[in-house]
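In: Okay, here's the prediction I keep looking at, along with the sequence it came from:
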Amino acid sequence: MSATTTAPVHTMPKVHYLNADYGIKSWLLTTDHKRIALLYLGAVTFFFLIGGIFATMIRIHLLTPGGYLVSPETYNKLFTMHGVTMVFFFLIPSIPAILGNFLVPLMIGAKDLAFPKLNLLSYYLYLTGGGFVLYSFITGGLDTGWTFYTPLSSIYSNSAVTPAVIGIFINGFSSILTGLNFVVTIHTMRAPGMTWFRLPLFIWAQYATSMIFILGTPVIAITLLLLALERVFHLGFFNPALGGDPILFQHLFWFYSHPAVYIMILPAMGVITELITTFARRPVFGYTFIAGSSIAIAVIGFLVWAHHMFLTGESVYAALAFSLMSYLVAIPSAVKVFNWTSTLYKGSISYDTPMLYALGFIGLFLVGGLTGLFLACLGLDIHLHDTYFVIAHFHYIMVGGAVMGYMGGLHFWWPKITGKMYPEFLARTAAVILFVGFNLTFFPQFVLGYLGMPRRYHSYPPEFQSLNVMSTAGASILALGYLLPMIYLAWSIKYGKVAGPNPWPATGLEWRTPSPPPTENFDVTPVVDWEPYDFEHRPDLQLEPGVAGLLPAHGDD
Amino acid sequence: MQSQLPLYPEQASNFAPHVDELMIFIIAICLFFAVAVTVAIIFFLYKFKRKSPGEIGVAVHGDMRLEAAWIGVPFILSMAMFAWGAVVYVDFRQAPPDTLDIYVIGKQWMWKLQQPNGQKEINELHVPLGKDVRLIMGSEDVIHDFSIPAFRVKMDVVPGHYNTLWFRPTKIGTYHFYCSQYCGTNHAIMGGWVTVMEPDEYTAWLAGTSDMNPNPVLAGERLFAQRACSTCHLADGKGPAPSLNGVFGGQVRLADGSTVTADESYIRESILTPNAKIVAGYQPVMPAYQGQITEEQTLDLISYVRSLQAEPVPPKGAGVVQTGAAAGTVSQPTGKK
């Protein structure tokens, strides 16, 4: 765009949630959901960096068949600590605790969450749990695998299992309370006119996720408690030498941990729906199907856990039932992909950074989801189980899916959170780098898996080397893709252009209040009289076919 | 190794072609959907690119026929994948009769294998071409997993019970096997080689080496006497415990009226925790051997019990439900050992 367009010059609001109060106490004891979201952003980013350092060391180590960097003990600790950090302290809290915390009240037109103090407690439970886990890492590390399979974890491991398990136990309460807070808030605090079917689909996704938090997390908490009791007091729950059953642990563990995969991906799916509608500038295709599929995934997701256990010797009938259910849970995910694709049809599409992430998400989630069909297949799982194929599959879902969704959401709402825009060109470049680096890292692992390379190997036969080198090369590109946004997003807080209340523009309630919003979110309680993602009947967006409307503040497209 | 990048491992068992065909079938379906969605997205991105800054899209809220189609078609295709996968899996989980049985014990971090004649191997497995082989696997400590990619087979090895795994080697050669379930520090080196040999070479190999190894049946018989099992389990069935003649492989009638197949898992349980299942007509008087004997000794005892399969069953027999002519009638109920 030339400089002569009508792009308005925005100024930051005088008073907003970031400067309403000063001093360290005003942050550490805040009950403002937006400030708590930022506290989470700091802590979650910290854990992401730690998990990322572990991942980097893993990939460097696997450059040579004999193992390049560390001893077998250390390697086992690296992949365990990578998994524990990323799953429990990055992926699970990332979108719900950061974006969800910030956006749930704003999107439904509420002042705050239903229980603001409980929200702060959630944050400190998260920090306490994280503290215990870091203590475990520092005082002996953890070498059980993030799955904590017994009796290895309960009897045979010499690493610091107990503090880690206590940390995850405490962290579980953070999830439960956050889920509870969201459910109550969504039920009771919606603004006038914000009916259930006018809710942004991000809210539907958060709602489904919260249900899993509330119903699933207690099971992992109690399971890990039993594990700690067996380890410390030698009570025989899982160790066959004490009369326990090691397979029982796997049932209990996966009863939570498979739904936990949906905790990671559902919120990302919610983000993607917001991004695609905004940048295609049209209502979402099949609102009820996208909303309903979130609920269907949450419900069916509880009935597929034993597909992690096809080769434990479980009954053939159980295996048949769990394989069948696993195919059924794939269908609502497919429904989402088809509806997102159709939302592009007759849209008015721009390629802003968040949209690039959304498109990247669809591509990677497509691969991740479709490869799930291979693993759900009983006959194929005999060969693929516990190989790198599984590693590649779930990284496509969790990193390709959940992290791309998180990055897209962060870029989309960054102007709302900080009031500033980031450098658009740099941001688009980073999105492309991430996509390329990700595929180069993880696609070779599908082949490695089919060739038979087992997971969690600190050394491997030489015939697997070339694919491992490819994967490590990709990982270095991927690391660049993560470091860039950290730098330019931090830079933009001080130096970015002022964004204005609705830079894209988008239709949600959160964009009807200044950026950054005031502490009480809205100066006047909003009244909703439009349908979701409706651009046609929204004169306030100043959009009309053929007329220059509000330009994105970065103004370079 | 550097230049050629194979996409699949060698096909060396009866399962390998089945698994590979299944793989190709699912790849084909997934490629179709992946390409269809990608092409649609790229086309829409190009066709509906924003033309002026103020432009908005056309509101198309949905289409029930489309929704029905993209729920229905994936459903049908996924059921096809499920069914085909189930057929391969059920075949894999049910070993045919008359297999060559090899005992496998996993322990941190090595595999001990034992041929039917007692020949022991460590991290090596020799099998004859074209013969159905069944591995009966237990663990001394944590969960392991016995995996042979070239055969496309794999099964967890779980402490506390036996899992079995069967295959029919179809190609002469030497193939990697791995521990596939993370089991602690040296998990990555807990592997070895399977050698598939011509049947006569296998027989010669077995004969040439078997002298050095104690016969597991003899070892089991010795243990049977040492542990005083033989004082109650009298062969003629007149002791306080059932005769073990003919028990192995039969149906045993239990005190609660149900029957159970006397396979390796049942015999193992009856040795380690005898009160778990009491044979009808006998008292629960046998001590538990859980923690008293090693996994290998358990296998020796099982081998010995197995060797009694063909012995004459006494009138007050082994608690075995008679098969064949006397089918349906319960022979003399017998207790546990």
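Out: Cool, the structure landed.

In: Any stretches of the chain with poor pLDDT?
Out: If you meant another chain, say so; for now it's chain A. For chain A, the stretches with pLDDT under 70 are A:1-7, A:545-557.

In: wait, I meant chain B there
Out: Ranges of chain B meeting pLDDT under 70: B:1-5, B:209-214, B:315-337.

In: report the longest helix in it, please.
Out: Taking DSSP state H as the criterion, chain B has its longest helix at helix B:15-47.

In: Report the buried residues of that helix.
Out: By neighbour count on 16 or more other CB atoms under 10 Å in any protein chain shown, the buried set for helix B:15-47 is B:15-16, B:18-20, B:22-23, B:25-26, B:29-30, B:33-34, B:37, B:41, B:44-45. For every residue, glycine as well, the C-beta is placed using N, CA and C.

In: after it comes which helix or strand?
Out: helix B:64-93 (DSSP states H and E).

In: now the angle between helix B:15-47 and that following helix, please.
Out: Here the directions of helix B:64-93 and helix B:15-47 differ by 160 degrees (axes from the mean of the first three to the mean of the last three CA atoms, to 10 degrees).

In: Helix B:64-93 near chain A at all?
Out: Yes: applying CB under 8 Å from any CB of the partner chain, one finds helix B:64-93 in contact with chain A at B:66-67, B:70-71, B:74-75, B:78-79, B:81-82, B:84-90, B:92-93.

In: how far away is A:M211 from chain B?
Out: A:M211 sits 22 Å away from chain B, going by CB to the nearest CB, to the nearest Å.

In: Check the burial of that residue by counting its neighbours.
Out: A count of neighbours around A:M211, defined by other CB atoms under 10 Å in any protein chain shown, yields 21.

In: Indicate the residue of the stretch 101-250 of chain A located nearest to chain B.
Out: Using CB to the nearest CB, A:P240 is the residue of the stretch 101-250 of chain A that sits closest to chain B, at 3.0 Å.

In: residues contacting that residue?
Out: A:P151, A:P246, B:P159, B:G160, B:H161 (CB atoms under 8 Å, 6 or more residues apart in numbering or on different chains).

In: Now do the contacts for the residue in the stretch 151-300 of chain B that chain A sits nearest to.
Out: Closest residue of the stretch 151-300 of chain B to chain A, CB to the nearest CB: B:G160 (3.0 Å). By CB under 8 Å, 6+ apart, B:G160 lies in contact with A:P240, A:D245, A:P246.

In: Number of residues surrounding B:G291?
Out: 9.

In: how far away is it from B:I267?
Out: Separation of B:G291 from B:I267 (CB to CB, to the nearest Å) stands at 17 Å.

In: now A:P218
Out: A:P218 sits 40 Å away from B:I267, going by CB to CB.

In: more neighbours, these two?
Out: Shown here are A:P218 and B:I267; by other CB under 10 Å, B:I267 has more neighbours (22 against 15).

In: Would you map out the domains in chain B?
Out: Using automatic domain parsing, the domain ranges for chain B come out as B:1-48+B:57-213, B:216-326.

In: now those domains as CSV including distance to A:Q445?
Out: Formatted as CSV, the domains of chain B follow (distance: least, CB to CB, whole Å):
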stretch, distance to A:Q445
domain B:1-48+B:57-213, 13
domain B:216-326, 35
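
In: of all those domains, which lies closest to A:Y396?
Out: Among the domains of chain B, the nearest to A:Y396 by CB to CB is domain B:1-48+B:57-213 (12.0 Å).

In: Find the nearest non-adjacent residue to A:K497, please.
Out: Spatial nearest neighbour of A:K497, excluding adjacent residues (CB to CB, 6 or more residues apart in numbering or on different chains): A:M421 at 4.6 Å.

In: Just give the number of residues close to that neighbour.
Out: A:M421 is flanked by 23 other residues according to other CB under 10 Å.

In: on that earlier part again, can you tell me which helices and strands the longest helix of chain B packs against?
Out: helix A:316-343, helix A:353-376, helix A:378-384, helix B:64-93 (3 or more CB pairs under 8 Å, 6 or more residues apart in numbering or on different chains; DSSP states H and E).
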